[in-house]
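The following comprises the amino acid sequence and a computationally predicted model.
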Amino acid sequence: MKQKILGIASIVSIGVALYFALIYAPQEPTMGVLQRVFYFHVPQAVLSYVAAILFGFGSLMYLVKRDLKWDRFAYCSAELGVLFASTTLATGIIWGKLAWGVWWAGDARTNMQMILDLSFIGYLMLRSYLPDREKRARLSTVFALLAVINVPINYGAIYWWNTQHPKPVIGPAGGGLDPDMGTALVVCLLAFGVVFAYLLVNRLGVASTEDEVGELEAAVETA
Amino acid sequence: MSPIAAIVFKDIAIEYKNKEAFSSMVLFGILVVVIFSFAFEGSDRKALATSLAPGMLWVAYSFAGILGLNRSLSMETDNDCLQGLLLSPLSRSDLYLGKVAGNFVFTIIAELVLLPFFIVLNNLAFDGKLLWIIAITLLGTLGFVAIGTTLSLISAQTRMKEVMLPVLQIPMTFPVILSAVQAMTLVMTDDPRGISFPLSLLGVFSTVYLTASYFVFEYLVEE
């Protein structure tokens, strides 16, 4: 039931987000229609960090509680992390080609986003090579905690290294944003947040079933 | 003899007997250097020395280092030697620090053997910069090995250890390699004014990775 509601909510909210991003938000004078990538690029980037935080949180909780529930939580967050980090890169590449004239500027922040994506993929690959359930959870959790150290570095990268990636327009050091653009951004952020929640809840359900099946298979083998 | 020194001594004694890890590291590193020197043949020597050389050197270092790390920890897991080490009266953190120290010694020696080949094959003039290059190599290698020892213990317990280590190691050590390459580029271009920044970053990464690995290491070896 919860999944159905979230599913309908995500379809509706994406529709609303498309209206706000493509029609409601005013045209940006220098970049024109191109700037509208912003309403997809920024929410996806934010959600890839959210996925990284949930990923780290789930891993930490697994080490403390030793409950496979938390391991599944970290694992499902990592899968969403791959999805959102990849779409951030894809939208960023398109935007970069048109705004800066190059697909890949080798900029510190884009590099770090790539690294975040590769860390998630490395984590998922590591899990697939560990057949024993408990060992898989324990070893991949340790890797997850080390990988999460990279997230603050990722965020700090924009300040530490010289970069041509724009500084965040929102927040204390930002240059401010047109109020209508701000509204559109918040709407898109919320809409993608709903999609994120829908995918996470669904994936957690599937992962829990997978574990049950694994346990049953093990029981049949020993019997 | 302190426990850490005992582990380093054990690793050196094994290596002295079979000479497997060191020879493969050096030979592989030389091959990488040779491929680069062929690939960039005919390109501008001066540009090569300043902008490309540091990156090429760190590619050779990383590949050789990963080879050594793989060998060092799979040696412990292959014949259940790790069980013996865990049964011996030394703490988990001593075991970690001992393995880091051993790996550090091997990697540094291999890198210092590699360096002259690199200079000769690429006709580089290091002059008085050699001390800087060695200092950056030492600091970068410490960060590389600190996290690499933990990751290679994770990958050594999987089914595909040779593949797994680079997949985990390269994204994680990217900030270390990037800082080391930046520091070396500054040295090579005779512009050491900004060097304190990448050097302090290297110091920070090494400390963070060493501390984090030190704390999570016990979860990797629990049975």
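Done, it's in.

Buried residues in the helix or strand containing residue B:84, which are they?
Taking DSSP states H and E as the definition, residue B:84 sits inside helix B:81-87. Judged by neighbour count using 16 or more other CB atoms under 10 Å in any protein chain shown, the buried positions of helix B:81-87 are B:82, B:85. To be clear about C-beta, it is placed using only N, CA and C from the backbone, and glycine gets the same treatment.

So for residue 170, what's the pLDDT?
I'll assume chain A. If you check residue A:170, the pLDDT there is 58.

Chain B, not that one
pLDDT recorded at residue B:170 is 91.

mind checking how far the residue nearest to the spatial centre of chain A is from chain B?
In chain A, the centroid-proximal residue (CA atoms, centre = their mean) is residue A:48; its distance is 2.1 Å. Residue A:48 is 14 Å from chain B, where distance means CB to the nearest CB, to the nearest Å.

Could you verify my assumption that that residue touches residue A:91?
No - with contact defined as CB atoms under 8 Å, residue A:48 does not reach residue A:91; the gap is 11.3 Å.

which parts of chain B sit against chain A?
Residues of chain B lying near chain A by CB under 8 Å from any CB of the partner chain: B:147, B:150-151, B:154-155, B:157-160, B:164, B:167-168, B:170-172, B:174-175, B:178, B:201, B:208-209, B:212-213, B:216, B:219-220, B:222.

In helices, which of the residues you listed fall?
Using DSSP state H, the members of the residues of chain B next to chain A that fall in helices are B:147, B:150-151, B:154-155, B:164, B:167-168, B:170-172, B:174-175, B:178, B:201, B:208-209, B:212-213, B:216, B:219-220.

quick one: the helices in chain A?
Counting by DSSP H, one finds helices in chain A at the ranges A:2-19, A:38-65, A:68-99, A:108-128, A:133-148, A:150-160, A:179-222.

could you dump the ones you listed to CSV with mean pLDDT?
Compiled in CSV, the helices of chain A are given as follows (pLDDT from 0 to 100):
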stretch, mean pLDDT
helix A:2-19, 91
helix A:38-65, 93
helix A:68-99, 93
helix A:108-128, 89
helix A:133-148, 92
helix A:150-160, 64
helix A:179-222, 92
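
related to what we said a few turns ago, show me how far the helix holding residue B:84 is from its chain's centre.
Distance, stretch centre to chain centre, for helix B:81-87: 24 Å (CA atoms, centre = their mean, to the nearest Å).

For that helix, name the packing helices and strands.
helix B:53-78, helix B:92-121 (3 or more CB pairs under 8 Å, 6 or more residues apart in numbering or on different chains; DSSP states H and E).

now, of these, which is deepest in the fold?
The highest mean neighbour count among the helices and strands packed on helix B:81-87, using mean count of other CB atoms under 10 Å in any protein chain shown, belongs to helix B:53-78: a mean of 22.

Mind checking the pLDDT average for it?
Helix B:53-78 shows a mean pLDDT of 90.

Get me the contact residues on chain A for chain B.
A:63, A:111, A:115, A:118-119, A:121-122, A:125-126, A:129-131, A:135, A:138-139, A:141-143, A:145-147, A:149-150, A:153, A:160.

Mark which of those residues are buried, thanks.
Buried subset of the residues of chain A next to chain B (neighbour count, 16+ other CB under 10 Å): A:63, A:111, A:115, A:118-119, A:121-122, A:125-126, A:129-130, A:138-139, A:141-143, A:145-147, A:149-150, A:153, A:160.

can you tell me how far the residue in chain B sticking out farthest from the centre sits from chain A?
Residue farthest from the centre of chain B, counting by CA atoms, centre = their mean, is residue B:42 at 30.1 Å. Between residue B:42 and chain A the distance is 24 Å, computed by CB to the nearest CB.

and that residue, what does it touch?
The contact partners of residue B:42, taken as CB atoms under 8 Å, 6 or more residues apart in numbering or on different chains, number zero.

Assign it to helix, strand or coil.
The three-state label given to residue B:42 by DSSP: H, G, I helix; E, B strand; the rest coil is coil.

Pull the contacting residues for residue 122.
You didn't say which chain, so I picked chain A. Going by CB under 8 Å, 6+ apart, residue A:122 touches A:143, A:147, B:167, B:168, B:171.

should've been chain B
Contact partners of residue B:122, counting by CB under 8 Å, 6+ apart, are B:33, B:36, B:37, B:40, B:48, B:49, B:53, B:56.
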